[in-house]
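Enquirer: the sequence and its predicted three-dimensional model are supplied below.
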Amino acid sequence: MKDGTPFEVVTQPRPVSKTLPVWVTTAGNPETWSEAGDIGANVLTHLLGQSVEEDADKIEIYHGALRAAGHDPTDFKVTVMLHTYIAESRAAAEHAARGPMKAYLRSAAGLIRQYAWAFPAFKRPAGLTNASEINLDSLDAAEMDAILEYAFQRYFNHSGMFGTVIDGLARAEELKRIGVDEIACLIDYGIDTDMVLAGLNPLADVLARVNQADAVADDDFSLATQIRRHNVTHMQCTPSMARMLLADDNASAALGHL
């Protein structure tokens, strides 16, 4: 408004989409997942401090909240952020990621307390009842390094995308089966730049092979393909048939669309 006279302001360049997709970032609180479904938002989460199985339970809560609010879950995305490094061998990936990941974990006090609490060799001071009460300053260098190594191994094996192309495919399929739509790969967490760039080639191979698995061939009329081809959301079958489908990786991944 200028001198009491209103005027319009138009931003340039004009947006490509009339509506902007909304994302909610959650560290794992089930209430946040439910609220994201209530408002019709996509979700970005991670596996820090939560397992794949725990994420699966929360995705069920999210999809249920979407449906209750009148939304179609297939219109929304669940994205999981994973620290990533893919190499020619699992040993090479572990060697490249160990230092940067331990430095990252050291900077996250909450995670260190959590892993210290779970570390079998950690002697909990008398009177402590939960991880938040641990005084990290009381840990000596050797004890801290042992906890960091324990945390790294847990994260390398269960909470990131590390190892070979085959390991990357296995992680992607595991997350696909629980309803994850997208993986956001965090690659610049401290690894040397040249090594990060070299790691993009095998990571691109993972991406291509994962997406190729989703492609539907014209002459493929398997149950898994029919689910994908027709965006099937409901299926009735016997328990024995369900067990057979779950035993097949391709069919099991397709069941995640139901």
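Expert: In hand now; what should we look at? Note that this is a predicted model, so its numbers are computed, not measured.

Enquirer: what ranges do the strands span in this protein?
Expert: Remark: strands assigned in the chain by DSSP state E are 23-25, 42-46, 78-86, 161-163, 182-186.

Enquirer: got TSV for those, with distance to M244 and mean pLDDT too?
Expert: Where you see a C-beta, it was placed from the backbone N, CA and C, and this is true even at glycine. Compiled in TSV, the strands of the chain are given as follows (distance: least, Cβ to Cβ, whole Å; pLDDT from 0 to 100):
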stretch	distance to M244	mean pLDDT
strand 23-25	37	95
strand 42-46	31	95
strand 78-86	27	96
strand 161-163	29	96
strand 182-186	28	96
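
Enquirer: tell me which of those strands lies nearest to L255.
Expert: strand 78-86 (16.0 Å; Cβ to Cβ).

Enquirer: mind listing what H63 touches?
Expert: 37, 73, 179 (Cβ atoms under 8 Å, 6 or more residues apart in numbering).

Enquirer: can you tell me how far it sits from C237?
Expert: Per Cβ to Cβ, to the nearest Å, H63 is found 20 Å from C237.

Enquirer: chain neighbours aside, what residue packs nearest to the residue nearest the centre of the chain?
Expert: In the chain, the C-alpha nearest the mean C-alpha coordinate belongs to V80, at 2.4 Å (Cα atoms, centre = their mean). In space, V80 comes closest to V180 once its chain neighbours are excluded; the distance is 5.1 Å by Cβ to Cβ, 6 or more residues apart in numbering.

Enquirer: that neighbour and Y150, how far apart?
Expert: Using Cβ to Cβ, one gets 26 Å for the distance from V180 to Y150.

Enquirer: what do you get for D72?
Expert: D72 is 42 Å from Y150, where distance means Cβ to Cβ.

Enquirer: of the two, which one has the most company?
Expert: The residue with the greater number of neighbours, taking D72 and Y150 and applying other Cβ atoms under 10 Å, is Y150; the counts read 18 against 12.

Enquirer: pretty sure A224 sits against A251.
Expert: Yes: counting by Cβ atoms under 8 Å, A251 is a contact partner of A224 at 4.3 Å.

Enquirer: which neighbours do the two have in common?
Expert: With the criterion set as Cβ under 8 Å, 6+ apart, the overlap between the contacts of A224 and A251 is L245.

Enquirer: quick one: the helices in the chain?
Expert: Counting by DSSP state H, the chain has helices at residues 30-39, 52-68, 90-106, 109-118, 141-158, 165-177, 193-214, 223-229, 239-247, 249-255.

Enquirer: any chance of the ones you listed in CSV, plus mean pLDDT and distance to P15?
Expert: Converted to CSV, the helices of the chain look like this (pLDDT from 0 to 100; distance: least, Cβ to Cβ, whole Å):
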stretch, mean pLDDT, distance to P15
helix 30-39, 96, 21
helix 52-68, 94, 25
helix 90-106, 91, 35
helix 109-118, 59, 38
helix 141-158, 84, 38
helix 165-177, 92, 31
helix 193-214, 89, 28
helix 223-229, 78, 31
helix 239-247, 85, 43
helix 249-255, 72, 35
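
Enquirer: closest one to V9 among those helices?
Expert: Of these, the one closest to V9 (Cβ to Cβ) turns out to be helix 30-39, at 27.6 Å.

Enquirer: packing partners of the closest one?
Expert: Contact partners of helix 30-39 among helices and strands, from 3 or more Cβ pairs under 8 Å, 6 or more residues apart in numbering; DSSP states H and E: strand 23-25, strand 42-46, helix 52-68.

Enquirer: tell me which residues are up against the shortest one.
Expert: Okay, so that is strand 23-25. Defining contact as Cβ under 8 Å, 6+ apart, one finds that strand 23-25 is touched by 32, 35-36, 39, 41-45, 79.

Enquirer: cool, and the second one?
Expert: Residues from elsewhere that reach strand 42-46 (Cβ under 8 Å, 6+ apart): 21-28, 33, 36, 55, 58, 62, 76-82, 184.
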